[in-house]
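Fold the following.
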Amino acid sequence: MTNELWTLVRGVEAAVREVGAKLAARRSTEPITARTVEEAGARFAELDGPAAAELRQQLGALRPQAGWVPEELDGSVPAEGEWWLCDATDGAVQYLLGHPHWAVTATLVRDGAAVLAVVHAPQLDGGRTYRAVLGGGAELDGRPIAPLERELAITVAATSQPPQVAGDPVALRRAGESLSAMAGAVLAVRNLGPTALQVAQVGSGHLALFWEYGQDAGNLLAGALIASETGAAVTDTAGADWTAGSDGILVAAPGLHARALEVLRAVR
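Here you go, the predicted structure:
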């Protein structure tokens, strides 16, 4: 099965790269002038709609037996069967503001767990591509990767706001408290935009750790598979195994994970 997935991942990567190149060609380096949520949403739909449709067409041809999760923003995935879970513009805010931190993601989910993932950032450092298959390892631009061990005090940690569609006041409070706690323990805390890309960057050592509160499987599954296949620790914020139903995530290099958990214990 692993060999079959590695064969499939090559086709997935080609599709993701093609969609990413077209989006990059249409992206302005200047921020959009939208002043309201409605105006920004309309502009985003103009760009994301055709890209998502093309991605669905190409991946459907590669794996016609797999279904299609229609909306990644609701944070949930089907618990049974094979499904494509994709985001043509992960990091839409950055894309619309003219920043390079955005990505195209494609994940094959089987019975609620990711078995294949590609995360492609077309305009980051000339284009970077993470890919992984369950039990088969992970790569960045075709080379094997692994997280880097550092002292917590000199690390750069990353985080993201809880999914807004969830409207979870507990997750929002935890996000604020954890930010204060982590900022006092690490060199710097950043939110670099696309969630899947930030989690994958823990696996390659570009970031030391990533955490987030709230149920956000739609955005996390791709990066979580990539990170776990590099040997990074992927758990919920209490240290238990992370699943699509978890209400928080912590991803870190193995030697940093226990210390990061200690920091997050300050959160009520």
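
need the helices for the chain, in chain order.
According to DSSP state H, the chain carries its helices in the segments 2-26, 37-62, 92-96, 169-183, 195-203, 217-230, 254-264.

Report the angle between the second one and helix 2-26.
Yep, that's helix 37-62 we're talking about. An angle of 140 degrees separates the directions of helix 37-62 and helix 2-26 when computed by axes from the mean of the first three to the mean of the last three Cα atoms, to 10 degrees.

remind me which residues of the stretch 51-200 of the chain are low pLDDT?
Within the stretch 51-200 of the chain, the segments meeting pLDDT under 70 span 71-75, 165-167.

redo that, cut-off 50
Counting by pLDDT under 50, the stretch 51-200 of the chain shows low-confidence ranges at 73.

Strands along that one, start to end?
Counting by DSSP state E, counting those that start in this stretch, the segments of the stretch 51-200 of the chain that form strands are 67-68, 82-90, 103-110, 113-121, 128-133, 137-140, 143-144, 156-159, 188-190.

Comparing those strands, which comes out most buried?
When you average the neighbours per residue for each of the strands of the stretch 51-200 of the chain (mean count of other Cβ atoms under 10 Å), strand 103-110 leads with a mean of 28. C-beta here means a position set from N, CA and C on the backbone, and glycine is covered the same way.

Which secondary structure elements does that one sit against?
Packing partners of strand 103-110 (3 or more Cβ pairs under 8 Å, 6 or more residues apart in numbering; DSSP states H and E): helix 2-26, helix 37-62, strand 82-90, strand 113-121, helix 195-203, helix 217-230.

For that strand, list the C-alpha coordinates in CSV.
The C-alpha coordinates for strand 103-110 follow below in CSV (Å, rounded to 0.1, in the frame of the first residue of the first chain):
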residue,chain,number,x,y,z
ALA,A,103,-0.1,27.2,0.0
VAL,A,104,-2.0,24.6,-2.0
THR,A,105,-2.8,21.5,0.0
ALA,A,106,-4.1,18.1,-0.9
THR,A,107,-4.8,15.3,1.6
LEU,A,108,-6.2,11.8,1.0
VAL,A,109,-8.1,10.7,4.1
ARG,A,110,-9.0,7.1,4.8
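
quick check: angle from that strand to helix 217-230?
Compare the direction of strand 103-110 with that of helix 217-230 by the same axes, to 10 degrees and you get 80 degrees.

Spatially central residue in this structure, please.
With distances taken as Cα atoms, centre = their mean, the residue of the chain nearest its centroid is Ala196 (0.9 Å).

before we move on, back to that, would you tell me which of the helices of the chain gets closest to His120?
Nearest of the helices of the chain to His120, taken as Cβ to Cβ: helix 2-26 at 4.6 Å.
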